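[1] Sequence and predicted structure, then a few things I'm wondering about:
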Amino acid sequence: MNVTRTEQIVHAADPARRLAALRGGAEQRGLDARALAALAANPGCRRRALLDAAGVDKTALADRLGQPAPFGRSPFAIARGNIFEARLKADGCAALLDPLRSRLGLPAEDDAPLRVPDLLPRSTPAARAERTARALAEAVAEPAAWTLLDHPMLRLTVAGSPAYLEPDAVVMRGGRCTVVEIKSFPVLDGVADPAKVGAAARQAAVYVLALQEAAEHRAGARAGGGPYEARELPGSPETSVLLVCPKDFGNRPTAELIDIRRELATTRRQLARMTRIEELLDALPPGTSFDLLPDAGGQPTRPVVELTAAVEAVPAAYSPECLSSCELGFHCRSQARCEGAVEQLGRGVRGELGSIRTVGEALAAASGGAPLGDEAAARLGYAAALRAEALGVPATAMAGAVAG
Amino acid sequence: MSLLGTLARLEAVRSGRAEPLATVRHRHLSDRPLVLVPLAAAAEDGAPLAVLLGTDRSAPRLHIVPQPLNRGQRYAFLAAFADDLLPYLESCAAEVERIEGSEKDPQTGEKIPTFRELSADAPQLIVPNPGAAQHLALLGRATRFRRTAEDPDPGRYPAPTQVPLLGRWLTHLTDRAKVPGSSLLLPMTGLLARHWATGQSQLEDQHLGAQLAWHEPPSGLSGAEAARLVESGRDERGQLLHPPAGPTTDPRFDEKLLAPAIGRYDAALAALRHAQDEDGPESPRAQSAQASAERAVEQLRALLTEVLLPTWHDVWRGLDLLRTLPPAAHLPERWESDRWSFTGHRERVAAGEPPQPRRDDAVTAARKLAQREREQVRTDVQEALDDPLAMAERRLAGEAFSGEVTELVPDWDTSGRTPKPRPLLTVRTADHPHADLGREVHRAGGPAVQKAVITAVDPEQGLITVRVASGMGRKKEPEPGSLPAVGERVTFTLFELTARQSAPLPEPDDTPWTHGGPPSATQDSPTTAEEWE
């Protein structure tokens, strides 16, 4: 028995070391909720899962690969976000607390004290997470007061490795906490862009999961119940989150409680489904590393060919949606194009073409060169005949183009 | 995306160039379209930064907001924008057509002739992408309720008179753009995607420059390589070689060029105010500060022109491409609906009706939905009739079949007093329609509306026999030419060729209480309560 336990401990400690080795000397990049939500949207992508778990700087990696990521935030947008957040904190956070009062059935002139503990914003993620855990425990012990955790740091175990998450705020009262998500898209005439609200809800779901984990950790027990049930432990989070947005065209905030039980269940399922990091690590060829080997000036010196081979060693699940959410999107796209994968045209195309995986195969099927009995290929051949007829091109000419 | 669309994309991947998705042009193009490229400020939602517009591709006109957070400048911009756009809209109503109709007299029940004036032309705005249209809708929402100095209660910040009018027009045009098949406001990416397939996904097609790269890739490059260059090629300053079509600008442009330029403008303005306060407005120092403030504005204008011009030329190149296609046969009919929409809104504005409400009342919303559904059906049917490629989509979906007539057997329905022609027509087709016996089919492209009923299907031989039931005249023998001859190609559709009218809806004032009752007038009155702060 003893032997087994020792082995397990060695094994559990192993991945963290192996992940650090992948990163090389570079600093670990935190896995934020936005990245987690993006990962949960494409759970089959092993490349992203591994690079994120290892904390590799994907932006620098993409730069070195010659396919820089097109992301960035305008300084105007950042300034606006800061102004908006500052407004929220004005008047004792009235904009945040008023909707929560009505939600908790407290009188509007409720004058419970508001405590804003210092969460050591300049420390390391681990220290901040430690401090946040203590602040949460203190807040649970004081149910009659409001506690506002401003940018707390939460820990969530994802695919066997810890991820540090930073929600905008968590408000605690009466032993229950509510995640506050501050966004700068407007609520216009009572309606916000549903796609953006959905993204915010998915992001908040990750925070709620982390808070549930924290509450279970504090209580030292796993709470029961199905995925749709609120978990009744002291300090456990509400399954509704407070979304705070500017109202109409101004900077005045408006807050709305959003039920995220569905997103919570989806995220929990998808995070659980993510391939265990150990398995991904085991599948790596020995000696794989994503180290950029920066020189004294910070310029990467790692040969691109070597780096490309390392990235290629982990399979990706590319779809055009990646371009807007993943730093390596352009790299994976050019790879998909080289391979002639049909996914380059969209996720739906793959389903439409059945067992056909490459552009070449699909075009061969369209020109009638498909094996009999394949339904998707037959349909494609028929579609090609119809297209040729409509365009006034003889079908054989199109077949000839394929051959040529 | 349909399988035919996918196939065209696959072909585009192979050829490295855009491949046709239509044999005719499915949207009306005005002889004098107004191209409009707006930019939004990242600082606030719906806040304008600049707009480049005009009907002459060699002479675009630029309006900018030097400091996007300054409300006064924003109104000055909107007023200048309105002064530029409204005359164009008015010019389209210069000529009118008199349309004769008839109305039932409510008392006597007699029909009395009526005349309505229909504008002979209508405006057409071409924007680069759906985001630009969305931005114009936001501008419309932000300005149509503004109070002006002419209002009885102008509020603290009265807007120039033409600003709310601009808002009402922008709201109308962007609202109309949601009607399928309409052409008053069109995003270029959508127009190109309707007519050509590129070898990339629909998501990547949202970038106008990248989409166009597939049409005319520089020699030696494939469409994919050219598109990649457009998407991410940067110069030595780190700026995109081909700025995105907006409405938001590239963050790196904001950071490296725009923010410093705005900062210089702010500084120049502060210096000007300082000089005016200390030395008086006519002092040499104030005058030189004035000149440097003007220079800062000029620099901003030059900077924004530089990012807007590539998109401006892209939109015009897109128009050139679209003009190479022959117009579809049903375009004049759909354009007439657009002209009615334009005329109707002009009349409502002239009659002094209030601006469009923030939210539609129940009846208006239901009407709009019904209209959009109807127009969707109508556009789909008309496109299928106009374009063999669109019809191929329907044939592939089993909603239509084409083939050669192999047999025509005369037959008559003798159940009535006089025998009526009910000939049997057999078509040999390779299509696999959902042809159930007894199902009604409609002949496409025939001389008259013609219905038939499927009477026999032989999938082995690819033979479908239908009994023609109408469109043959009133005599015992079918009118000559009303039936296809043996050997002729015919197309039958399983869907009707005209859109059905939906059930009538009550007047807004008769909205039942189940739907919130009649809308109240007060909730949508103009307000100064919400301001761009």
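    Done, it's in.
[2] Test my guess that residue A:120 contacts residue A:129.
    No: using CB atoms under 8 Å, residue A:120 is not in contact with residue A:129; the gap is 10.2 Å. Heads up, the C-betas are built off the backbone N, CA and C, glycines and all.
[3] Looking at the two, which has the bigger crowd around it?
    residue A:129 (23 against 14; other CB atoms under 10 Å in any protein chain shown).
[4] Okay, and that one sits in which element?
    helix A:125-141 (DSSP states H and E).
[5] Following element in sequence after that helix, please.
    That would be, after helix A:125-141 and using DSSP H and E, strand A:146-150.
[6] Could I get the contacting residues of the nearest residue to residue B:159 once chain neighbours are set aside?
    In this structure, residue B:159 finds its nearest non-sequential neighbour in residue B:146, 4.0 Å apart by CB to CB, 6 or more residues apart in numbering or on different chains. The contact partners of residue B:146, taken as CB atoms under 8 Å, 6 or more residues apart in numbering or on different chains, are B:159, B:163-164, B:167, B:526.
[7] Try it again at 7 Å.
    Residue B:146 makes contacts with B:159, B:163-164, B:167, as judged by CB atoms under 7 Å, 6 or more residues apart in numbering or on different chains.
[8] tell me the angle the helix holding residue A:129 makes with strand A:146-150.
    170 degrees (axes from the mean of the first three to the mean of the last three CA atoms, to 10 degrees).
[9] Can you name every helix or strand that helix A:125-141 contacts?
    strand A:146-150, strand A:154-158, helix A:194-219 (3 or more CB pairs under 7 Å, 6 or more residues apart in numbering or on different chains; DSSP states H and E).
[10] Could I get the contacting residues of residue B:338?
    B:122, B:182-184.
[11] Counting neighbours, what do you get for the closest residue to residue B:493 other than its chain neighbours?
    Distances taken as CB to CB, 6+ apart place residue B:400 nearest to residue B:493, at 4.3 Å, with adjacent residues excluded. Using other CB under 10 Å, residue B:400 has 23 neighbouring residues.
[12] right, and residue B:400 touches residue B:392 too?
    No: in this structure, residue B:400 is not within contact of residue B:392 by CB atoms under 7 Å, at 8.9 Å.
[13] quick revisit: let me know the closest of the contacts of residue B:146 to chain A.
    residue B:167 (12.2 Å; CB to the nearest CB).
[14] burial count for the closest one?
    23.
[15] So it: helix, strand or coil?
    Assigned by DSSP: H, G, I helix; E, B strand; the rest coil, the conformation of residue B:167 is helix.
[16] ditto for residue A:163
    strand.
[17] In space, what's closest to it - neighbours in sequence excluded?
    residue A:31 is the one closest to residue A:163 (CB to CB, 6+ apart), at 3.8 Å.
[18] how close does the residue nearest to residue B:493 get to residue B:328?
    Separation of residue B:400 from residue B:328 (CB to CB, to the nearest Å): 17 Å.
[19] Within the helices and strands, which one has residue B:287?
    Element membership for residue B:287 (DSSP H and E) is helix B:284-323.
[20] Over to residue B:425?
    Per DSSP H and E: strand B:424-428 holds residue B:425.
[21] What is the distance between that strand and the centre of its chain?
    Strand B:424-428 has its C-alpha centroid displaced from the chain centroid by 41 Å (CA atoms, centre = their mean, to the nearest Å).
[22] Excluding its own residues, what touches that strand? List them.
    B:403-409, B:411, B:452, B:455, B:462-468, B:490.
[23] Skip ahead from it and say which helix or strand is next.
    strand B:440-444.
[24] Determine the set of other helices and strands touching that next one.
    strand B:451-458, strand B:489-493.
[25] Next, the angle strand B:489-493 makes with the first one.
    Right, the one you point to is strand B:451-458. 100 degrees.
[26] got the contact list for the closest residue to residue B:255 other than its chain neighbours?
    Nearest non-adjacent residue to residue B:255, counting by CB to CB, 6+ apart: residue A:75, 5.2 Å away. Residue A:75 makes contact with B:254-255, B:259 under the criterion CB under 7 Å, 6+ apart.
[27] Pick the one among those closest to chain A.
    residue B:254 (3.9 Å).
[28] show me what contacts the closest one?
    The contact partners of residue B:254, taken as CB under 7 Å, 6+ apart, are A:74-76, B:42.
[29] Now do it against residue B:134, distance only.
    20 Å.
[30] count of neighbours near residue B:245?
    There are 30 residues near residue B:245, going by other CB under 10 Å.
[31] residues contacting it?
    B:128-129, B:208-209, B:311, B:314.
[32] Can you identify each of the strands in the stretch 151-300 of chain B by residue range?
    B:185-187, B:196-197 (DSSP state E, counting those that start in this stretch).
[33] Can I get those strands in TSV including distance to residue B:370?
    Shown next, in TSV, are these (distance: least, CB to CB, whole Å):
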stretch	distance to residue B:370
strand B:185-187	21
strand B:196-197	32
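[34] which residues are in contact with the helix or strand bottoming out on mean pLDDT in chain B?
    Confidence across the helices and strands of chain B bottoms out at strand B:96-104, with a mean of 80, counting by mean pLDDT, DSSP states H and E. For strand B:96-104, the surrounding residues in contact (CB under 7 Å, 6+ apart) are B:111-120.
[35] Of those residues - the most surrounded one?
    So for the contacts of strand B:96-104 (other CB under 10 Å), the most neighbours sit at residue B:119, 21 neighbours.
[36] Mind pulling up the pLDDT for that one?
    Looking at residue B:119, its pLDDT stands at 86.
[37] I figured it hits residue B:94, correct?
    No: contact criterion CB under 7 Å: residue B:119 and residue B:94 do not qualify, at 8.5 Å.
[38] and stretch A:195-213, does that touch chain B?
    No: figure legend: stretch A:195-213 not in contact with chain B (CB under 7 Å from any CB of the partner chain); closest approach 10.7 Å.
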